[in-house]
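Peer 1: Fold the stuff below for me.
(2 chains)
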Amino acid sequence: MPDDRLSPILRLERVSRKFGPIYALRGLSLTVCKGEFIALFGPNGAGKTTLLKTIARILPPTAGKLEFCKEPMGRSVGYVSHRSLLYADLTGLENLLFYGRLYDLPDPSTAARHMLRKLDLEKAQDQIVRTYSSGMRQRLALARALLHDPELLLLDEPYSGLDRHGSRVLLELLRDLKKEGKTVLLITHNLTEGLEVCSRVLILRDGELALNRPREEISAADFERTYFQSVDG
Amino acid sequence: MLRPLRIIFRIAEKDLRIEFRNRQAFLTVLFFAFLILVIFKFAFDPGEETVGGAISGILWVALLFPGVIQLNRSFQQEMEEGTLFGLLLAPVDRSWIFLGKFAANSVFLLAVDGLILLAFLALYNITARIELLWLAPLVALAGIAFCAVGTLFAAMVSTIRTRDVLLPILLFPILVPVILAAVNATREILEPVEAGFFANWVQLLAACCVIFTAGAFVAFEYVVGE
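Peer 2: Alright, predicted model coming up:
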């Protein structure tokens, strides 16, 4: 259960989402509190990405209620997926400037350059994104997602396509986000890395929460067994 | 500048900047249109009396059919790296996204159509006269109607594997009144008749332009919503 000392920023009450006759989410209830770092695990087809897209209001829920407790929606969510959400024929800086203007930032140029510096992409800022390595793209994707300083960051398998070096860099970034007190919901298949950074663990099975526990209650050594028990029901 | 106008401008500018940078659609569309004009030029003898009426049809095939390539590309590039998703995540009205994409497609198509029109006039030995200036508003009206419905349908089929085939099949039946009006109005410009219906064709074209743009504007939100 979430720590009561933390203020909730997002509530889902019995949220369901159907695609035709198939339920991707079934009556899912969840409260996300400020500063939490939640790792969401589950097999393919469990509804993880649908949950993130529902939270991002890309997919409206078929039933149930989704409530953001503070800011207007658009500014509150940053999203990183295994696709970069970047224009390959624009430069890194142009991409961030474009998104910065969409988010109506007061000074998109300063914000974009700050993020590029923070994610060590300053030297490549004028290169076309098509020429970036996958690690650089993933960092730029993270810069794009963090550009408007979102209340909640949704990360959908950000490790996919990254080599060991890229994964290490990303892990460092996630640790930094945790230190900064960002609220993060991370989908990953990497049990070890997901567990290392999170403060709460969720396991999704067939659109339902099979496990929802604080990190302290989970033993890292036994987590693989716990995961398979939850997934296999 | 008002925020919606600013966002629409940014989205259109981004699309045109990408196109200007790689010129993929520009060259393909232009080459395809030029090919159509040349093939029909060889297939028919423009001097023959019976062919005269068909020339305006040839022009509109060259103006509209290659445009499908650009419409498909405009959303294909948004799907490649999931950038449409990025646009939908931003705090912007979905209708602004439609207007931005629609504006970019229209500017692109009108620029290309201008070149196709010049090539048509040169290839088919059309004598220069003041009435030919009427072709400009015709091309603009038909182009806008084409881009409005085309942008909506391109968004609709963007997630489908067979989108390249599906888009023209969906698009052209809807555009029948636009093509009919454009072809007939063009015929009356190229071969003036005493008691023509030019004004009526232009009115039909203008009405289609308004109805299609308004319809596509309203429907876009539902298309991208699902």
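Peer 1: A:Trp155 belongs to a strand?
Peer 2: Wrong residue type there; residue A:155 is Leu, not Trp. Yes. Looking at A:Leu155 with DSSP: H, G, I helix; E, B strand; the rest coil, it is inside a strand.
Peer 1: Give the full set of residues in contact with it.
Peer 2: Applying C-beta atoms under 8 Å, 6 or more residues apart in numbering or on different chains, we find A:Leu155 in contact with A:80, A:174, A:184-188. To be clear about C-beta, it is placed using only N, CA and C from the backbone, and glycine gets the same treatment.
Peer 1: for stretch B:54-63, which positions count as buried?
Peer 2: By neighbour count on 16 or more other C-beta atoms under 10 Å in any protein chain shown, the buried set for stretch B:54-63 is B:54-63.
Peer 1: Which of these sits closest to A:Ala220?
Peer 2: Comparing these against A:Ala220 with C-beta to C-beta places B:Leu63 closest, at 65.4 Å.
Peer 1: which residues does the closest one contact?
Peer 2: Each residue near B:Leu63 by C-beta under 8 Å, 6+ apart is listed here: B:33, B:113, B:116-117, B:139, B:142-143.
Peer 1: Show me which residues of chain B sit near chain A.
Peer 2: Contact residues (C-beta under 8 Å from any C-beta of the partner chain) of chain B with chain A: B:3, B:6-7, B:10, B:14, B:17-18, B:21-22, B:77, B:80-83, B:85-92, B:225.
Peer 1: Which of those residues are buried, as a ChimeraX select command?
Peer 2: Filtering the residues of chain B next to chain A down to the buried ones (16+ other C-beta under 10 Å) takes a single ChimeraX command:
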select /B:7,10,14,18,77,81,82,83,85,86,87,88,89,90,91,92
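Peer 1: quick one: least confident helix or strand in chain A?
Peer 2: Least confident helix or strand, chain A: helix A:73-76 with a mean of 60, by mean pLDDT, DSSP states H and E.
Peer 1: helix or strand right after that one?
Peer 2: Per DSSP states H and E, the first helix or strand lying C-terminal to helix A:73-76 is strand A:77-80.
Peer 1: Thought A:His82 was touching A:Arg137, still the case?
Peer 2: No. Contact criterion C-beta atoms under 8 Å: A:Arg137 and A:His82 do not qualify, at 10.8 Å.
Peer 1: more crowded one of these two?
Peer 2: More neighbours surround A:Arg137 than the other of A:Arg137 and A:His82, with 22 against 17 (other C-beta atoms under 10 Å in any protein chain shown).
Peer 1: residues in contact with the residue nearest to the more buried one when sequence neighbours are not counted?
Peer 2: Excluding its sequence neighbours, the residue lying closest to A:Arg137 (C-beta to C-beta, 6 or more residues apart in numbering or on different chains) is A:Ser84, at 4.8 Å. Residues in contact with A:Ser84, defined by C-beta under 8 Å, 6+ apart, are A:129, A:137-138, A:140-141, B:81-82.
Peer 1: pLDDT wise, what is A:Ser84 at?
Peer 2: In this model, A:Ser84 is scored at 87, pLDDT.
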